[in-house]
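Undergrad: From the sequence below, what's the structure:
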Amino acid sequence: MADWLGDSDLAALRPYFELSGDPVVLLLDRLSGDEQRAVLRAEGLSAGEADAFLREATDRALGDFLENPQNLIMLQRAVQAGTWPSTRKELFEFSTRIMLKEFDSDRARSGSGIYTTDEVRPAAGAICAARLISDIEAISLADHETSTTIPSYRSLTMFPPEKVIAALGRRVFVAGPAPESVDYAHRTTAEYLAAGWLSDAVRNGMPFTRLQALMGIDGHPAPELRGLYAWLALHLDLPEHVDRLIDTDPYGVLTYGDAASLTRSSCAHLVRALGKLSETDPWFRSGNWQSPAIAALSRIDMVDEFRAVLRSNNAGFGVRSIVVEAVATGTPMPALKGDLVAVVLRNQSPYAERLYALIALLRIGPEGEAAAEAAFHQLGADVSALRLRAEMIHRMYGRPFGPADITTLLTSMAESGDDEASTGVLYTLAEHMPLGDIPTVLDGLQPATRAAGANWRIGWEVARFIDRLLIRAWREIINIEPARALQWLRLRNSYSGGYSGGRTDNLRAAVRARPALLRSVTDHFFETFVPDKDRWLRLARFREITFFQVTPEEMLAQMTAHMGRVPAGSEKELFLYEAAFAMTFSMGGQHAVMAFEQLYALASNRADLRAVRDASTSCEVPSGLLDRPRRNGGDPQHNLETQRRNFERDADAIRNGNHLGWLTWAAQVYFGLFRDLDEAARPRERRVETLGEANTQTALEGFLAALSRTNFPKDLSGNK
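TA: Residues are numbered from 1 along each chain as shown. The predicted structure is shown next:
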């Protein structure tokens, strides 16, 4: 296997492979999760310890160390005593020291491996600074310059060449874009090392203004150097320099650096600088909303600064959002409990700000939860308030919120009339509610009314919520009373309207997967069926709410079974008999024929059933429907003579059996298929009366000729 040194290693290996050809170069893929666990198990960790270690490393942004077996082992041994970094700066210090250390004991005894981490660190920082600030792509391992964009390692003249090459051989660097070149392994690590070296340079006499000029314009860093700029604020120990760095890019210092490692005065200055930025550029967070580094701003010594922001009527949206997000994701701040409650209840704040304030409250503990519960009952009916109620119910379900609060929430949503009130607020509730509470919630919901101006968005959202509950109920609740299940399906239908989609498909599948329950629901439906004026609508609606999963055969079986349970001649029996006939028409195959015959026979000895049967199997023709003008209109005799002349004109083609049109017409006359013919006359008499004796003879000859043909003409469909 060739390491990252590339051609130089291949050249060293080539003499050993001269007889069998060039060496095969293998690529080491990243370790999968299972492979990572296997490596840790080999190091003596149990399965549980390995999983916990991987989770901890990922949470601490050390995932890069998990992808390579040597790095993984190196990380595990470095923290085997359980000492993990507590701040982002400690994390980078920890990781860079590991990556700069030579762990191979054989290489550490000679050559470039003899240098310690502290000895190669300055050279590594200088290399990273040159790579980040200069317009170069990598560092060449060649002794002489071959490219202006990939200069030789010897161009770093401030360090002995052997230390530069030693630094380039550590894990902080990897193979570059060209042969015999290297580049930094991770940009963030390179920024941290470069900032450390540049800070030392400032302390050793480099003018701070010159450093700023190297990194941007008018003190503002170039976008690609914001990470390096942020770490400078952590490495420099002169407050005036740190404040200048913060003033020119406060959000960059916050998100790329580590606010937890700033001094108290610098951290307070950062909060105030963010406030000023928020006044001039309210949307400075646009495009970069999520950053784990924001949590580091939440420090106990920042309570006064945070309170000043939250209580200010002039604090911009940007800085307010940062403060509540920091408290929601960083160190809990019990001292801000009252201020956080005020944010939760503040209608002027956007939903995200109020949600982060709620999360921050709940992280305080029991006192925060009690404050959130009190705020729950003070929230209004605006969109954000309804969404916050849903979040509170979900996050504090069972302490003290429960099913009754969900039904109250849905009622409030329906009464709000706000098109956006329901967007996504119920998803989490439906998925995480205890299974045993689902029946109580479904029983407590009232069907939607189809009032004028009803809000379809709310109905859609509630229908989706009920869909999720019903899917869970039909799949997981073993005993569901048929009456209850039918009520739930009707409830869902009252909100759904024309709503359909993936959830409906899943619910349909769940209903289909429990045929016994579906049969019980169908039996209950017919048992309680009332044949009032809406009987046909009620029957159709039942098939709709059960997603047509009750087959026509099952419907017919239920109808005929319930006919035998009701008094003979009752209105319900007669309707079920009529509906059963209609159901056979939607069935297919021999079973439909047999079912129809059985239903037909039931009315043989009963006049009341016979009346229903006759009405179901016949259609009365309205009087006068067939009293239409003759087909050709005008004088019948004149029309007949015109037809005979036209017939005689084509006599030769007819006699030879080639004119299928006239032969077809003559056959229709013979069989009396035209409405203006005398159906009581004998067929020959009818033909002679219409065609005449001579034309009749011509038609007979044509029929005989057509039957004698061997070259059958094609019909209209093209078949012979």
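Undergrad: does Phe542 sit in a helix or strand, and which one?
TA: helix 535-545 (DSSP states H and E).
Undergrad: Name the residues of that helix that are buried.
TA: 535, 539, 542, 545 (16 or more other CB atoms under 10 Å). Every C-beta, even on glycine, is put in place using the N, C-alpha and C of the backbone.
Undergrad: In TSV: those, plus distance to Ala568.
TA: Shown next, in TSV, are those (distance: CB to CB, whole Å):
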residue	distance to Ala568
Arg535	19
Leu539	21
Phe542	24
Ile545	30
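Undergrad: Make a markdown table from those residues and add pLDDT to it.
TA: Compiled in a markdown table, these are given as follows (pLDDT from 0 to 100):
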| residue | pLDDT |
| --- | --- |
| Arg535 | 95 |
| Leu539 | 95 |
| Phe542 | 95 |
| Ile545 | 92 |
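Undergrad: so how many other residues sit close to the nearest residue to Leu426 once chain neighbours are set aside?
TA: In this structure, Leu426 finds its nearest non-sequential neighbour in Phe465, 4.1 Å apart by CB to CB, 6 or more residues apart in numbering. Residues contacting Phe465 under the criterion other CB atoms under 10 Å number 24.
Undergrad: Phe465: what's it in contact with?
TA: Phe465 makes contact with 410, 426-427, 429-430 under the criterion CB atoms under 8 Å, 6 or more residues apart in numbering.
Undergrad: Of these, which is the most crowded?
TA: Leu410 (26 neighbours).
Undergrad: Surely that residue is in contact with Val462?
TA: Yes - the pair Leu410 / Val462 is scored as a contact, 6.0 Å apart, by CB atoms under 8 Å.
Undergrad: who touches both of these two?
TA: Joint contacts of Leu410 and Val462 (CB under 8 Å, 6+ apart) are 426, 445.
Undergrad: Just say helix, strand or coil for the residue nearest to Ala580 when sequence neighbours are not counted.
TA: Setting aside the residues directly before and after it, Ala580 is nearest to Met559 in space (CB to CB, 6+ apart), at 4.4 Å. With DSSP: H, G, I helix; E, B strand; the rest coil as the basis, Met559 sits in helix.
Undergrad: State the pLDDT value of Met559.
TA: The model reports Met559 with a pLDDT of 95.
Undergrad: From Arg395, how far out is Asp405?
TA: 12 Å (CB to CB, to the nearest Å).
Undergrad: scratch that, Gly216
TA: In terms of CB to CB, Gly216 sits 43 Å off from Arg395.
Undergrad: Let me know the closest of the buried residues of helix 535-545 to Thr116.
TA: Ile545 (76.2 Å; CB to CB).
Undergrad: Next up, the contacts around that closest one.
TA: 489-490, 492-493.
Undergrad: so how far is stretch 648-667 from its chain's centroid?
TA: 70 Å (CA atoms, centre = their mean, to the nearest Å).
Undergrad: In it, which residues are buried?
TA: 651, 654-655, 657-659, 662-663, 665-666.
Undergrad: out of the residues you listed, who's nearest Tyr153?
TA: Closest to Tyr153, out of all of the buried residues of stretch 648-667 and judged by CB to CB, is Asn658, at 100.2 Å.
Undergrad: Quick check: what element follows the strand or helix carrying Ala328 along the chain?
TA: According to DSSP H and E, Ala328 maps onto helix 317-329. Downstream of helix 317-329, the next assigned helix or strand under DSSP H and E is helix 337-345.
Undergrad: CA atoms only: put the lengthiest helix in the chain into CSV for me.
TA: Longest helix in the chain by number of residues, with DSSP state H as the criterion: helix 456-476. C-alpha atoms of helix 456-476 as CSV (Å, rounded to 0.1, in the frame of the first residue of the first chain):
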residue,chain,number,x,y,z
TRP,A,456,-59.9,23.7,4.8
ARG,A,457,-56.3,24.0,6.0
ILE,A,458,-57.3,23.3,9.5
GLY,A,459,-59.5,20.4,8.4
TRP,A,460,-56.6,19.0,6.4
GLU,A,461,-54.2,19.3,9.3
VAL,A,462,-56.6,17.6,11.7
ALA,A,463,-57.3,14.9,9.2
ARG,A,464,-53.6,14.2,8.9
PHE,A,465,-53.4,14.1,12.7
ILE,A,466,-56.3,11.6,12.9
ASP,A,467,-54.8,9.6,10.1
ARG,A,468,-51.6,9.1,12.1
LEU,A,469,-53.6,8.2,15.2
LEU,A,470,-55.8,5.7,13.3
ILE,A,471,-52.8,4.1,11.7
ARG,A,472,-51.2,3.5,15.0
ALA,A,473,-54.6,2.3,16.5
TRP,A,474,-55.4,-0.1,13.7
ARG,A,475,-51.9,-1.5,13.7
GLU,A,476,-51.2,-1.7,17.5
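Undergrad: got the buried residues for that helix?
TA: 458-474.
Undergrad: What is the distance between that helix and the centre of its chain?
TA: 17 Å.
Undergrad: cool, and stretch 325-335?
TA: Worked out by CA atoms, centre = their mean, stretch 325-335 lies 30 Å from the chain centre.
Undergrad: and if you look at stretch 675-682?
TA: 72 Å.
Undergrad: So for it, what gets flagged as buried?
TA: Leu677.
Undergrad: try stretch 73-87
TA: Buried-residue list, stretch 73-87, by 16+ other CB under 10 Å: 73-76, 78-79, 85.
Undergrad: For the residues you listed, work out which two are farthest apart.
TA: Ile73 and Pro85 (18.6 Å).
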